[in-house]
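Visitor: What would the 3D arrangement of this be:
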Amino acid sequence: MQGFRLGSIFGFEIRVDLSWFLIFFLVLWTLSVGLFPTNYPGFDSTTYFAMGIVDIYFLSRRYHSFPVTENSHPVGIITLNQVKDIPR
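Guide: Below you'll find the predicted structure:
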């Protein structure tokens, strides 16, 4: 697999392809320099970048539900859990 190793969690290796950094920064730039200042004027650039990072996170959570809904399983709510909340 290309990319680089971030580490491992519970014995699973976590790797990231370099293209994800490009995608992340392009989406972050589009949101925090273009969309947010136009629609929500009056904040400083740090606030717009923070809004962009939070928005990217929640969008990624929403995209994880698409394969489930395509297989005819309804998604009524998405719960964000911390790793410490997962029972072992």
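Visitor: In which helix or strand does the residue most central in space within the chain reside?
Guide: Nearest residue to the geometric centre of the chain (C-alpha atoms, centre = their mean): Tyr57, 2.8 Å. Taking DSSP states H and E as the criterion, Tyr57 maps to helix 45-64.
Visitor: Ok, Gly42 next?
Guide: Going by DSSP H and E, Gly42 is not part of any helix or strand.
Visitor: This structure: strands as residue ranges?
Guide: Ranges of strands in the chain, per DSSP state E, are 4-9, 12-16.
Visitor: quick revisit: how much space between the residue nearest to the centre of the chain and Gly42?
Guide: 23 Å (C-beta to C-beta, to the nearest Å). Any C-beta I mention is one placed from the backbone N, CA and C, and that applies to glycine too.
Visitor: Mean pLDDT per helix and strand in this structure: which one sits at the bottom?
Guide: Taking mean pLDDT, DSSP states H and E as the measure, the chain has helix 66-70 as its least confident helix or strand, at a mean of 69.
Visitor: roughly how far apart are Val54 and Trp20?
Guide: Val54 is 18 Å from Trp20, by C-beta to C-beta.
Visitor: go on, Met51?
Guide: From Met51 to Trp20 the distance is 20 Å (C-beta to C-beta).
Visitor: ok, these two, which is more surrounded?
Guide: With neighbours defined as other C-beta atoms under 10 Å, Met51 and Trp20 compare such that Met51 has more, 17 against 10.
Visitor: Quick check: chain neighbours aside, which residue is closest to the more buried one?
Guide: In space, and not counting its chain neighbours, Met51 is closest to Phe36: 5.5 Å by C-beta to C-beta, 6 or more residues apart in numbering.
Visitor: can I assume that neighbour is in contact with Thr46?
Guide: No - the pair Phe36 and Thr46 does not pass the contact test of C-beta atoms under 8 Å, sitting 11.7 Å apart.
Visitor: Please name the residues that touch Glu13.
Guide: Arg5, Gly7 (C-beta atoms under 8 Å, 6 or more residues apart in numbering).
Visitor: Any idea what it is bridged to?
Guide: Ser8 (DSSP bridges).
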